[in-house]
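Undergrad: here is a sequence together with a model predicted from it:
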Amino acid sequence: MSSPVLRVRGLGARVPSAVLLDGVDLDLEPGRVLAVVGDSGAGKSTLAAALLGEAAAGVELCGEVTVAGTDLGPTDPEPVRRARRAGRIGLLPQHPGTALDPVRRVGRVLDELAALVHTGRDERRAAVDSALRTAGLGPEHARRFPHQLSGGQQQRAALALTLVTGPSVLVLDEPTTGLDPLTTAGVVANLAGLAAHGTAMVLLTHDLDTARALADDALVLERGRVVRRGPADDVLGPAPGPAPDPAPGDDRTPRLVATGLRVVTSAGTAILDGVDVRAAAGDVHAVIGPSGAGKTTLARALAGLVTPGAGTVVVDGVGLPPALDRRSAARRKAVQYVHQDARSSFLARRPVLEQVARPGVLLRGLPPGRARGEGSELLERLGVDAGTAARRPSGLSGGQLQRAALARAMLADPAVLVGDEVTSALDAGHRRELLAALDALRRDRGTTLVLISHDLSLVGSVADEVTVLGGGRVADHGRAGQVLGRLRAATAGPPVAATGRAPSA
Amino acid sequence: MLAAPRRGTRAAGARVLVALAQFAAVSVIVFAMTSLLPGDAAEIVLGRDATPEQVATLRTQLGLDRPLPERFADWVGGLLHGDLGRSLVTGQPVAAEVGGRLGQTALLTGLALIMLVPLALGAGVLAGRRPGSPVDRALTGVLVAAQAVPEFALGLVLVAVFSLQLGWLPATAAGGAFTGAEVLVLPVVVLVTNHLGRLARQIRVGVLDTDRAEHVVHLRRLGLPERVVLWRHVLPGAALPSIQQLARIVDSMLGGVVVVEALFALPGVGSGFVDAVSARDLPVVQGYALLYAATTIGVNLVADLVSARLLPHREVLG
Amino acid sequence: MSAATVGARARRARPGAGVAIGLVLVAVPLLSALLGPFLVGPLGLVAPTGTDALLPPGSGFVLGTDALGRDVLGLALTGGTTVVGLTLGALACAYAVGMPLGLVLAATGRRGLEGLALRALDVLLVLPSLLVLLVLAATGRRGIGWLVLAVALVQLPSVVRLVRSAAAAPTQRPALEAMTMSGEPWWRVHLLESGRAVLGPVLVDAGTRAVLVLSLLASANFLGVGLAPDSTDWAVVIEQNTSSLFLAPASLLVPASLLVALCAGINLLVDRRLDRDGGAL
């Protein structure tokens, strides 16, 4: 066993009122990957920052962090710690796009960082080239500004920034967040290669698949404490098998037919191109894909919130005008859209219930009193009581507003309900209630549900059909079980094979 | 990725066309304002006491006896050749009349800008790096209070203090000739004071935002020394967006120059403009108006093009 | 110590001094502009015709007389009404036209139309304000009507742009979209709700703009291209007394100081407001 390159003793973080991180000890040998898993709020991000000797405002750190024999000293003054970090420990932040300076070329910044450990011009250039190559970029990318890189390339550029100083320890904060399965596979293979070359890594993630693919050891963090640790296989458990295929559905007449939808930005790039969606009455149609694939744009085009440059949306055999403003009350009723950010979709000054009831009055012609009654009954069923619903939006939690937004759309009694990540702010209990309400809606009213989601387990449990978007086009489409099966096969295979798990131990 | 520069070039071309269209539109407006007068232009120019013969002579001289479209065509033709007619007062060609005063004003504005930019950068960075500190509060308080105060009022107060009370500086350049550099001190101070606040404040906000921006935090995390972070990342990120603000400032400074030159009796474009207005010397007024409009359009064009080049992600021209 | 906590602490400590200074600076000239004309008669601050010019302070007149033999204190008290009134009038006109126009432009789905309208307004934007007033004066168009109209027109493009971008701000969009989805009529979504949402930014903008307009109008009056010479506007009085700076400094410095105080005060107050809102510009 080689000596540990990262040695952490009693690392803690506290605010006056609470302990965020409680005496964490770590030892990591060169080339080993340690996965740190845990729920949000377990202290993963605090740990990532603390490893670099950083803390959010008002947080006090204690303990010691040693990299390759050098004490990073979380308690020393900042400039001292900063100089010690260079070339020893690096961090790949969660959203790599924001880690790149928008007004500087990637290569220039790499050169500045290379100067921390190399003095000669040629050595710096060699370090930059090698960092780019290792991160999976070519020398031509050095001349680009960040906005000229794709999402995946930005991720690699951020990795190159971290690698150019040749750190012995790499801290990875949710490196696969928001990436599509293919890009994720690429990132995982890349990181596995780095580990094989001797870089030790601390991987903080809630993505267990990535953790299984990369990690040698794992520890579970809960409320700032290490509650379990051991070999990755034991701690993380085996990968779940593919979900069973549901029985194939019948061929009912479709309720929603969208054909050839195309949306082009003012700059001329197509964010949606030739997308078709067909869904039968009472069906749940899930739309999945990496961020930036055009999921939300598709949902908004169906609702008329973005005007497609081409394509049609037909509901129950009637074509809808492309722009919502030009849709009559009956046509607005046909498709209802629930925003991802529920809070901003409510007016701040008016009681929530009043806003929830409006579609009942305006689109279905109910008397206001009855619409409110229906609204509060529906909210009750979703777990938002009448007293809460009478408040203004500021008096409700994000999860409550998410349910209220859904209730508002349901009150229009739409033919098609489009939900954009409608369960993202909900805990398990409320999520069940919401899914039950949606299920009742589609069974009783024959409402077609179009759900945009990141959450593959949700999609697996509720969707009848799935459309996978990639780069604004339909990448895959079919019955839910088949599509998800194909997806798993595409992502799970190569990275595991590429890691060559358990190097020298 | 080849599409990006090509799109940039096309956007720049479109921006130049917009500027040309703006100049054409402004020319038409200037011509309309000076030609479509309520009543007879010659009478307005000469005043109520003029004899009918004088009015008739001036009408011929101004070409007012010819139909409007013909006059407009002539005027545009002359404009394209740089011929704007002759002054009604001195009989000199307008171009010469206006051009002769350009140097003085260029000197005044140039000096003001040379002082303004480093001062604003310094003040903005100083205040933005330590928000809420006494330095920040004093700087922004004083600068904010001083911004956009009418130049003549500010100038008078300064003259009262530095010329009247202390006797350090000359009050005016009365007599028309530059007697020395000290004549320009107060005018430049007035112009700078007026605009320093706005620019410094924008740079301060830029520094504040950039200083906390994720990419700057990340570079510190990776060990980049503060000197490099400040000069190569915080400063460009904070200052580059101010280029367009600087164009606005040059615009309003050109307005300020009119007042300052009148107040301190400096023989530049601004005081020439005012003299032409009080003398009702319409051809010369047209000349000054076009010069001002062209400068404004040009400055904004340059600022937009430069910003588009240096801030490619902002889609400035989009 | 992070920037965030420093900022928070600063914000808590700040309001006092700046706001107090701002209020005092604004109150003195504003009160004199509003109440001055009613005080001049009762206090006997109108010098009878034939009073000697350039009398020193104290010689029967608290601040002396100016180059035309008028009571300087009386002039100071009456001179603010015109410039403050003109400023308010011009701003009212600019916002009365600019608000609806900006809201409609923000709401229209037609990019081409929007672009065209903005480009057309931009032609006005490139006209330096003072230039418009100078050309108007050169061609004999003078008086309150022309001044208000010209100043309002020159401000219009930036007002429209501000309202449009505030109304189209991403934070507003989902709520307005949800309203439309609920079947609310167009005017209620895009004029009422949008209008209410932009009110905050518009008020702050009006403060900044008031200083610009005030300064512009005062400069025009000083250059003799604004109000007629028989007005007692501060800037007109200053212009009439420029040559007596050494003989009767009060006749220039009192109105000049009032103008400076008014502009500086408004600037300070608007700035504190921006600070509190966390708004940048």
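TA: Yes, it's here.
Undergrad: can you pull the residues of the stretch 151-281 of chain C lying near chain A?
TA: Listed as neighbours of chain A in the stretch 151-281 of chain C under the rule Cβ under 8 Å from any Cβ of the partner chain: C:171, C:173-175, C:177-184, C:186, C:193. The way it works is simple: take the backbone N, C-alpha and C, and place the C-beta from them, glycine included.
Undergrad: by neighbours, which of those wins?
TA: residue C:181 (30 neighbours; other Cβ atoms under 10 Å in any protein chain shown).
Undergrad: returning to that earlier point: which members of the residues of the stretch 151-281 of chain C next to chain A are the farthest-apart pair?
TA: Using Cβ to Cβ, the pair of these lying farthest apart is C:171 and C:183, separated by 22.8 Å.
Undergrad: could you report the neighbour count for residue 55?
TA: All of this refers to chain A. Here the count is done by other Cβ under 10 Å, and residue A:55 has 19 residues near it.
Undergrad: meant chain C, my bad for not saying
TA: By other Cβ under 10 Å, 19 other residues sit near residue C:55.
Undergrad: distance of it from chain A?
TA: 60 Å (Cβ to the nearest Cβ, to the nearest Å).
Undergrad: now tell me what touches the helix or strand hosting residue B:142 from outside.
TA: Using DSSP states H and E, residue B:142 sits in helix B:134-146. By Cβ atoms under 8 Å, 6 or more residues apart in numbering or on different chains, the residues outside helix B:134-146 that reach it are B:123, B:126-128, B:130, B:154, B:193-194, B:196-197, B:200-201, B:204, C:10, C:14, C:18, C:25, C:264-265, C:267-268, C:271.
Undergrad: of these, just the buried ones, ChimeraX syntax please.
TA: Burial among the contacts of helix B:134-146 is assessed by 16 or more other Cβ atoms under 10 Å in any protein chain shown; the matching ChimeraX selection reads:
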select /B:123,126,127,128,154,193,194,196,197,200,201,204 /C:10,14,18,25,264,265,267,268,271
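Undergrad: buried sites along stretch B:46-58?
TA: By neighbour count with 16+ other Cβ under 10 Å, stretch B:46-58 contains the buried residues B:46, B:55, B:58.
Undergrad: quick one: residues contacting the first one.
TA: So the one you mean is residue B:46. Taking Cβ under 8 Å, 6+ apart as the criterion, residue B:46 is in contact with B:54, B:55, B:58, B:280.
Undergrad: including distance to chain C, secondary structure and pLDDT, could those residues go into CSV?
TA: Shown next, in CSV, are the contacts of residue B:46 (distance: Cβ to the nearest Cβ, whole Å; DSSP: H, G, I helix; E, B strand; the rest coil; pLDDT from 0 to 100):
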residue, distance to chain C, secondary structure, pLDDT
B:54, 17, helix, 78
B:55, 14, helix, 77
B:58, 14, helix, 76
B:280, 6, coil, 82
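Undergrad: I'd like to know which of the residues of the stretch 151-281 of chain C next to chain A is nearest to chain B.
TA: Nearest to chain B among those is residue C:171, at 17.3 Å by Cβ to the nearest Cβ.
Undergrad: host element of the closest one?
TA: Here residue C:171 is assigned to no helix or strand, by DSSP H and E.
Undergrad: enumerate every residue touching the residue of chain A found nearest chain B.
TA: Closest residue of chain A to chain B, Cβ to the nearest Cβ: residue A:86 (2.8 Å). Residue A:86 makes contact with A:113, A:116, A:117, A:165, B:222, B:223, B:224 under the criterion Cβ under 8 Å, 6+ apart.
Undergrad: now do the phi/psi pair for the residue of the stretch 51-200 of chain B found nearest chain C.
TA: The stretch 51-200 of chain B approaches chain C most closely through residue B:132 (2.2 Å), counting by Cβ to the nearest Cβ. Backbone dihedrals for residue B:132, given as degrees, to the nearest 10, come out at phi 90, psi -10.
Undergrad: show me the shaky parts of the stretch 151-281 of chain C.
TA: Within the stretch 151-281 of chain C, the segments meeting pLDDT under 70 span C:275-281.
Undergrad: which residues touch residue 186?
TA: No chain in the question, so chain A it is. A:136, A:152.
Undergrad: my bad, the chain I had in mind was chain C
TA: Residues near residue C:186 by Cβ under 8 Å, 6+ apart: A:325, C:107, C:180.
Undergrad: switch to 7 Å and redo it
TA: Applying Cβ atoms under 7 Å, 6 or more residues apart in numbering or on different chains to residue C:186 gives the contacts residue A:325.
Undergrad: ok, residue A:335 next?
TA: Contacts of residue A:335 (Cβ under 7 Å, 6+ apart): A:302, A:303, A:315, A:320, A:414, A:416, A:418.
Undergrad: among those, which are in strands?
TA: Within the contacts of residue A:335, residues falling in strands by DSSP state E are A:315, A:416, A:418.
Undergrad: in a markdown table, list these along with pLDDT, neighbour count and distance to residue B:88.
TA: Converted to a markdown table, these look like this (pLDDT from 0 to 100; neighbours: other Cβ atoms under 10 Å in any protein chain shown; distance: Cβ to Cβ, whole Å):
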| residue | pLDDT | neighbour count | distance to residue B:88 |
| --- | --- | --- | --- |
| A:315 | 91 | 21 | 73 |
| A:416 | 94 | 25 | 74 |
| A:418 | 94 | 27 | 71 |
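Undergrad: how about the nearest residue to the residue of chain A closest to chain B, chain neighbours excluded?
TA: Among residues not flanking residue A:86 along the chain, residue B:223 sits closest, at 2.8 Å (Cβ to Cβ, 6 or more residues apart in numbering or on different chains).
Undergrad: ok, so what distance separates that neighbour from residue A:87?
TA: Per Cβ to Cβ, to the nearest Å, residue B:223 is found 7 Å from residue A:87.
Undergrad: near residue A:58, how many other residues are there?
TA: For residue A:58, the neighbour count with other Cβ under 10 Å is 12.
Undergrad: go on, residue C:100?
TA: Residues lying near residue C:100 (other Cβ under 10 Å) number 14.
Undergrad: now it: which helix or strand?
TA: Element membership of residue C:100, judged by DSSP H and E, is helix C:72-107.
Undergrad: what's near enough to touch the residue of chain A at minimum distance from chain C?
TA: Here the residue of chain A nearest chain C is residue A:362; by Cβ to the nearest Cβ that distance is 3.2 Å. Counting by Cβ under 7 Å, 6+ apart, residue A:362 makes contact with A:329, C:182, C:183, C:184.
Undergrad: of those, closest to residue A:394?
TA: Looking across these and measuring by Cβ to Cβ, the closest to residue A:394 is residue C:182, at 20.0 Å.
Undergrad: I'd guessed the closest one sits against residue A:360; true?
TA: No: checked against Cβ atoms under 7 Å, the pair residue C:182 and residue A:360 is beyond contact range at 8.9 Å.
Undergrad: list the residues that contact residue 117.
TA: Answering for chain A, as no chain was given. Going by Cβ under 7 Å, 6+ apart, the list of residues near residue A:117 reads A:86, A:87, A:165, A:166.
Undergrad: please refer instead to chain C.
TA: If you count contacts by Cβ under 7 Å, 6+ apart, then residue C:117 has residue C:105 around it.
Undergrad: sticking with it, tell me its helix or strand.
TA: Residue C:117 belongs to helix C:111-125 when assigned by DSSP H and E.
Undergrad: next one: residue A:290
TA: For residue A:290, there is no enclosing helix or strand under DSSP H and E.
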